[in-house]
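[1] Structure, please.
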Amino acid sequence: MTNPWFFLVIAGLLEVGWAIGLKYTQGFSKPMPSVLTVIAMIASFYFLSQALKTIPVGTGYAVWTGIGAVGTAILGIILFAESTALPRLLCIGLIVAGIAGLKLFSPG
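    Below is the predicted model of the structure:
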């Protein structure tokens, strides 16, 4: 059986994909970005559901959204020139610390 944490990381990365994809759909008015975004959404939920077979739901959901938040924030900086203000980066670092803590202190 595949490691449920692997499924959770894949789900989180796909969440980053669909969150960034939403920007490119322009309100779902662009067909190709819209289709790719919906596929990423479905795949993200699928992998999350597989991970939650073993990982507690509170932990899994928090890690999933944390990976999505951090990844989306980083890509926002790279792709859209979003702020790199120190307080913002420190807050992103706190999310990373929370994800690491949940992994370290969670069963599965």
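
[2] okay, CA-based contacts and neighbour counts for the rest of this
    Fine.

[3] contacting residues for the nearest residue to Thr37 once chain neighbours are set aside?
    Excluding its sequence neighbours, the residue lying closest to Thr37 (Cα to Cα, 6 or more residues apart in numbering) is Trp18, at 4.8 Å. By Cα atoms under 8 Å, 6 or more residues apart in numbering, the residues touching Trp18 are 36-38, 40-41.

[4] The same query, at a cut-off of 6 Å, please.
    With contact set as Cα atoms under 6 Å, 6 or more residues apart in numbering, Trp18 has these partners: 37, 40-41.

[5] Could you do Glu15 as well?
    Neighbours of Glu15 in contact, by Cα under 6 Å, 6+ apart: 44, 68.

[6] Gly66 versus that one, what's the distance?
    Going from Glu15 to Gly66 by Cα to Cα, to the nearest Å gives 10 Å.

[7] can you check Thr25 too?
    The spacing between Thr25 and Gly66, counted by Cα to Cα, is 23 Å.

[8] neighbour-wise, which of these two wins?
    Ranked by neighbour count (other Cα atoms under 10 Å), Thr25 and Gly66 place Gly66 first, with 22 against 18.

[9] Tell me which helix or strand the more buried one sits in.
    Taking DSSP states H and E as the definition, Gly66 sits inside helix 57-80.

[10] So for that helix, mean pLDDT?
    Helix 57-80 carries an average pLDDT of 96.

[11] among the contacts of Trp18, who's most crowded?
    Thr37 leads those on contacts (other Cα under 10 Å) with 24 neighbours.

[12] ok, for the spatially most central residue of the chain, nearest residue in space, not its chain neighbours?
    Geometric centre of the chain, nearest residue: Gly68, 2.1 Å, by Cα atoms, centre = their mean. Leaving aside its sequence neighbours, Gly68 sits nearest to Val16 (Cα to Cα, 6+ apart; 4.8 Å).

[13] quick one: the helices in this structure?
    For the chain, the helices defined by DSSP state H occupy 4-25, 31-51, 57-80, 86-104.

[14] Packed most tightly, which of those helices would that be?
    helix 4-25 (a mean of 21; mean count of other Cα atoms under 10 Å).
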